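1. fold the following for me, if possible:
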Amino acid sequence: MAHILELLRVGFAHHIIFSAGLLLIMGFILGQLSERIKLPAITGYIFAGILLGEAGLNLIHHENLQQLNILSEITLSFIAVIIGCEFSFAKLRLYGKRVILLTLVQMFLTFFMISIGLIILGLSTYVSFLLGTIGAATAPAATVVIVEKLRAKGEFVDYLYGIVALDDAGTVILFSIVFAISGSVISGLEVNLLEGIFNAFKEIFFSLLSGAVGGLLIHYSTRKSHNLGEMKIITLGIIFLTTSICLSLHLSPLISNMTIGMLLVNLSRKNIRILNALQPLTPPLYALFFTIAGTELDLKIFTSGYALLAGLVFIIMRAIGKYGGVFATGHMLRLPNRISNWLGLALLPQAGVAIGLVLFVQGSSMVKAASPEIQLQITEMINIVLMSVFFNELLGPPLAKIAIKKNLRRR
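-> Numbers count the residues shown, from 1 in each chain. From the prediction side, this is the model:
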């Protein structure tokens, strides 16, 4: 067996197409096995990635993963458009205020629960606050995949998509404010708080603007077309361009593509045919997205006792904040029990946004120029987030699936 693995590593694993094919096949096999034991296919995809990555058989070269990450960006673009399409003005009028309140309460409660829990544990205040903001983020990819797999719709899904969309936008603002405050500790210099807040709102504004332009271009380019092939080409081209512009200008592709979806569904209900045309492309992208995520999980984080304890506190406090915030607010708003009691569970998955924020901290010029002690604290922070992502991506989707099935209504 060892000889065969070595032959694969030396003879084939260097090729990116081999890596993509292996990720798809193993993701499919373990995804099917997961569904047979009543777990979401996502769980199987992630296990497939762990098995094939450095933590397992080491059959996927790091260089290939870096190139395959472009597929992750494409997948997130599709997911964001799908979420945006749930934001019809009719639904916003019906649920808007309640969705905003639910989002704000669970986001700030999660932030405070994580921050206070980690401060009590002994982490520095600024690291605890940064982790609190990162913990507030959710994982839209897992949510969309489970909803689509179950073919669920209705009031519960409307609330879920609304919170997921607003939560990540709110997290970007909250993170920017906290990072601006923490910057004075990290760099030892005074950092302008107002400038940090301004930059957060500027990022969101230009993300919305780029999405609005993209949505209008798709709508007016396809509104008279009846050829699904032409519609696919135009839509994919504009989504790709919008995403690349956002990445190049350090804007949020998630917010931008959600804006595209929201504009499309509100400009004309006919635009749903665009999503229907793109639907066949999504299953292999979802499989690759989560298997790639699995390969990037490093099991070495479990060798440090302190990181393990801090990670468990982070996970528990995050779960209390997410679930408790929605539960309390839902009952205060007199939402149906099936929504108030289960919606919080569907917000537990955590992945891309959280990892993106912690990598932003790691890569910032302030951290690179900081003292060795500060850099060690940032390394601890990264390990805590990775541990949380590991647990929440494996346990979050099954819990989200249970919550959605409790409110299931077939399309």
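2. okay, CA-based contacts and neighbour counts for the rest of this
-> Fine.
3. let me see the confidence value for L247.
-> On pLDDT, L247 comes in at 83.
4. contacting residues around it?
-> If a contact means CA atoms under 8 Å, 6 or more residues apart in numbering, then L247 has P253 as its contacts.
5. flag the shaky bits of the stretch 251-400 of the chain, pLDDT-wise.
-> Per-residue confidence of the stretch 251-400 of the chain (counting by pLDDT under 70) places the weak regions at 297-302, 304, 351-353, 355-356, 358-371, 375.
6. residue boundaries of the strands in it?
-> Per DSSP state E, counting those that start in this stretch, the stretch 251-400 of the chain has no strands. Nothing in it meets that criterion.
7. would you list every one of the helices in it?
-> With DSSP state H, counting those that start in this stretch applied, the stretch 251-400 of the chain shows helices at 253-267, 272-278, 282-295, 305-332, 337-340, 352-363, 365-368, 372-406, listed in chain order.
8. how many other residues sit next to I70?
-> The number of residues packed around I70, counting by other CA atoms under 10 Å, is 12.
9. confirm that it sits in a helix.
-> Yes - for I70, which was evaluated using DSSP: H, G, I helix; E, B strand; the rest coil, the result is membership in a helix.
10. G325 and G305, how far apart?
-> Taking CA to CA, to the nearest Å as the criterion, G325 is separated from G305 by 30 Å.
11. cool, and T43?
-> Applying CA to CA to T43 and G305 gives a distance of 26 Å.
12. so those two - more neighbours on which side?
-> When neighbours are counted by other CA under 10 Å, T43 comes out ahead of the other of T43 and G305, with 25 against 10.
13. you'd agree that one is up against L394?
-> Yes - counting by CA atoms under 8 Å, T43 sits close enough to L394 to count as a contact (5.5 Å).
14. what's around S124, how many residues?
-> Neighbouring residues of S124 were enumerated by other CA under 10 Å; the total is 14.
15. do the same with Q66
-> Around Q66 sit 10 other residues, with neighbours defined as other CA under 10 Å.
16. now the spatially most central residue of the chain: closest residue in space, sequence neighbours ignored.
-> In the chain, the C-alpha nearest the mean C-alpha coordinate belongs to A139, at 3.2 Å (CA atoms, centre = their mean). Excluding its sequence neighbours, the residue lying closest to A139 (CA to CA, 6 or more residues apart in numbering) is Q350, at 4.6 Å.
17. circling back to that earlier point, surely the residue nearest to the centre of the chain touches V389?
-> No - counting by CA under 8 Å, no contact exists between A139 and V389, whose distance comes to 9.7 Å.
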